[in-house]
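Asks: Next come a sequence and a model predicted from it.
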Amino acid sequence: MAATPQNPAASAPRRKVSRHRGEGQWAAGHFTPLNGNEQVKKDDDGLNVRTRIETIYSKAGFDSIDPSDLRGRMRWWGLYTQRKPGIDGGKTAILEPEELDDRYFMLRVRIDGGALTTQQLRVIGELSQEFARGTADITDRQNVQYHWIRIEDVPEIWNRLEAVGLSTVTACGDTPRVMIGSPVAGIAEDEIIDGTPALEEMKRRVLNNPAYSNLPRKFKTAISGSPVLDVVHEINDVAFVGVRHPEHGPGFDVWVGGGLSTNPKLGVRLGAWVPIDEVPDIYEGVVSIFRDYGYRRLRNRARLKFLVADWGPEKFRQVLEDEYLGGRKLIDGPAPEQPVQQWRDHIGVHRQQDGRFYVGFAPRVGRVDGSTLTKIADLAEAHGSGRVRTTVEQKMIVLDVEQEQVDSLVDELEALDLTARPSTFRRGTMACTGIEFCKLAIVETKQRGSTLIDELERRLPEFDEPLTINLNGCPNACARIQVADIGLKGQLVLNDQGEQVEGYQVHLGGALGLQAGFGRKVRGLKVTADELPDYIERVLKRFQAERQDGERFAAWAARASEEALS
């Protein structure tokens, strides 16, 4: 047919019509598995792997484990294979998973709100010594991580943890992971509201619940009624922050969509004030939105932060109210106030509501061992009431210490190299697991962090400004490098001789709090591991020389010249 003015399409080239695949959102009808991880979860709920571990794998050994369980579903019960010894960081991204896998596991014990009894802490310590070669790292999400775990020992470890009310369920995997909370909830004199009842109800609703055991990816939760903002709420998928409403009194401000890794985003406020008895409903609604609307097509876009960035807080709140709260409208509320304190880690001696004291102390970069944990349990029983806490800064706290017992406890902790009077560098340095055990890591972190503390204490003994130094073994930001004063992202770099060695990309001036922001990267700045103490000493001396009155490191780093930061 010839083209005519009435039929211009007859001469136009034919366009290829493509159907948009969508983002894999269940609520949009995209149920077909879109990647291997989604297929594994569709084939069998990760919660079900426990039965196979108990009845098959622990009896037949490592070689009997189905690969889909080994590198997938076992995470639903806190288990990851650890890195095979002797594999350097240059091979991390090259080798296949089975080449990186050791025959031993990391096992993560979830400690919601960081709350432990001394009985629980003692069991954690005993299991470490009996089954984990003494390992027991405190994480920046209040958990404890074992290494060197054999599959044959896992059922016995579970039995003994569960006998004292602990668990590893959904400590990893595409699930609601540990719920971090203020380590001094219900304790601190300045607390706005105690979030513990809400946290307990949130756990009751979602843990071990198949309705929430297949999320697009991991889901991180925080709740705190502390005015010092002590749970890094800005980098959680959902967070509840204590505030006082001018009409309704104490409650919680709701934040959603935070997260770091290779595409960091800070959480945003929904602008809603929530009373404590409604927090579990809001929490369940947010988790359900993630389950139903979260992006499942591409694994690297499957965190809630991407959905929140696309929707914005107004639409997110509207969907929450209309579809998950039965049309109930949330009350508008105020933002949290700026914390007065610069340190928010509860280190040192602090008065409690009841007149007793709590004592926060600093292990080195979260590294402890089972023997030390049992000694801490002994000290807490001798000087307190039998309650201890872990923090989101890889630290610990003993609660309920009578005034006359404080000095004795502080001295006995000091004898264990667990100081309640740490230097800035001991107090502010964190490190992820690193290449020692992690299959994703490129460089070593824990020992380097400990050595760095010693070097900086020796070189800068008078430095006492609040400062955070976070070391990460890879780009995934488990140690929160983008929001540290000095964030160190592990990578291989060239030294002066042109040799490839362990080193770090440097992020400077990151922060959390109500002035939260990501650190600045100086163009081309990479530091070898050996140069690290020299570099940090140089930068901190420049900060001391150039800072204005009362200026914090993050503010100085934001305005300093690249030369001053190099």
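Replies: Yes, it's here.

Asks: gap between the two ends of stretch 155-172?
Replies: Start to finish, the residues bounding stretch 155-172 are 17 Å apart (Cα to Cα, to the nearest Å).

Asks: Then stretch 319-334?
Replies: 21 Å.

Asks: can you check stretch 161-169 too?
Replies: End-to-end for stretch 161-169, by Cα to Cα: 11 Å.

Asks: contact partners of stretch 113-125?
Replies: 109, 136, 142, 144, 160-161, 163-166, 179-183, 185, 196, 199, 223, 370-374, 376-378, 380-381, 386-392, 397 (Cβ atoms under 8 Å, 6 or more residues apart in numbering). Where C-beta positions appear, they are placed from N, C-alpha and C, glycine not excepted.

Asks: can you pull the buried residues of it?
Replies: Buried residues in stretch 113-125, counting neighbours by 16 or more other Cβ atoms under 10 Å, are found at Gly113, Gly114, Ala115, Leu116, Thr117, Thr118, Gln120, Leu121, Arg122, Val123, Ile124, Gly125.

Asks: which intervals of the chain have sub-threshold pLDDT?
Replies: 1-21, 514 (pLDDT under 70).

Asks: From the centre of it outward, give me the first residue you hit.
Replies: Arg141 (4.5 Å; Cα atoms, centre = their mean).

Asks: rewinding a little: closest to Phe240 out of the buried residues of stretch 113-125?
Replies: Phe240 lies nearest to Gly113 out of the buried residues of stretch 113-125, by Cβ to Cβ, at 12.2 Å.

Asks: picking that back up, so who does the residue nearest to the centre of the chain touch?
Replies: Contacts of Arg141 (Cβ under 8 Å, 6+ apart): Arg177, Val178, Ile180, Lys220, Val392.

Asks: and it, how far is that from Ala511?
Replies: Counting by Cβ to Cβ, to the nearest Å, the gap from Arg141 to Ala511 is 19 Å.

Asks: go on, Leu199?
Replies: Counting by Cβ to Cβ, the gap from Leu199 to Ala511 is 26 Å.

Asks: Please identify which of these two sits among more neighbours.
Replies: The neighbour count for Leu199 versus Ala511, taken as other Cβ atoms under 10 Å, is higher for Leu199 (26 against 22).

Asks: pretty sure the more buried one is touching Gly181, no?
Replies: Yes. Between Leu199 and Gly181 there is a contact under Cβ atoms under 8 Å: 5.2 Å.

Asks: Overlap in contacts, those two.
Replies: Joint contacts of Leu199 and Gly181 (Cβ under 8 Å, 6+ apart) are Asp112, Gly113, Ile223.

Asks: tell me which of the residues you listed is nearest to Gly257?
Replies: Taking the shared contacts of Leu199 and Gly181 together and measuring to Gly257 by Cβ to Cβ, the closest member is Ile223, at 16.1 Å.

Asks: Which element is encountered next along the chain beyond the helix or strand containing His147?
Replies: Taking DSSP states H and E as the criterion, His147 maps to strand 144-149. The element immediately downstream of strand 144-149 (helix or strand, assigned by DSSP H and E) is helix 154-162.

Asks: residues near Gly473, how many?
Replies: Neighbour count of Gly473, defined by other Cβ under 10 Å: 31.

Asks: which residues sit in contact with it?
Replies: Counted by Cβ under 8 Å, 6+ apart, Gly473 has contacts Cys432, Thr433, Gly434, Ile435, Cys438, Leu440, Ala441, Ile442, Val443, Glu444, Thr445, Gly490.

Asks: and with 10 Å instead?
Replies: By Cβ atoms under 10 Å, 6 or more residues apart in numbering, Gly473 lies in contact with 89, 92, 431-438, 440-446, 448, 479, 488-491, 502, 504.

Asks: The residue nearest to it when sequence neighbours are not counted and Cys478, how far apart?
Replies: In this structure, Gly473 finds its nearest non-sequential neighbour in Ala441, 3.3 Å apart by Cβ to Cβ, 6 or more residues apart in numbering. To Cys478, Ala441 is 9 Å away according to Cβ to Cβ.

Asks: Among the buried residues of stretch 113-125, which ones are in helices?
Replies: Thr118, Gln120, Leu121, Arg122, Val123, Ile124, Gly125 (DSSP state H).

Asks: and the gap between the second one and Arg356?
Replies: Counting by Cβ to Cβ, the separation of Gln120 from Arg356 is 21 Å.

Asks: ok but Gln491 is inside a strand, no?
Replies: Yes. Counting by DSSP: H, G, I helix; E, B strand; the rest coil, Gln491 is part of a strand.

Asks: Could you report the neighbour count for it?
Replies: Using other Cβ under 10 Å, Gln491 is surrounded by 17 other residues.

Asks: what's the answer for the one 3 residues further on, then?
Replies: When counting by other Cβ under 10 Å, one arrives at 12 neighbours for Leu494.

Asks: Likewise for Glu412?
Replies: Glu412 is flanked by 16 other residues according to other Cβ under 10 Å.

Asks: Is it correct that it is in contact with Val406?
Replies: No. Glu412 is beyond contact range of Val406, at 11.1 Å (criterion: Cβ atoms under 10 Å).
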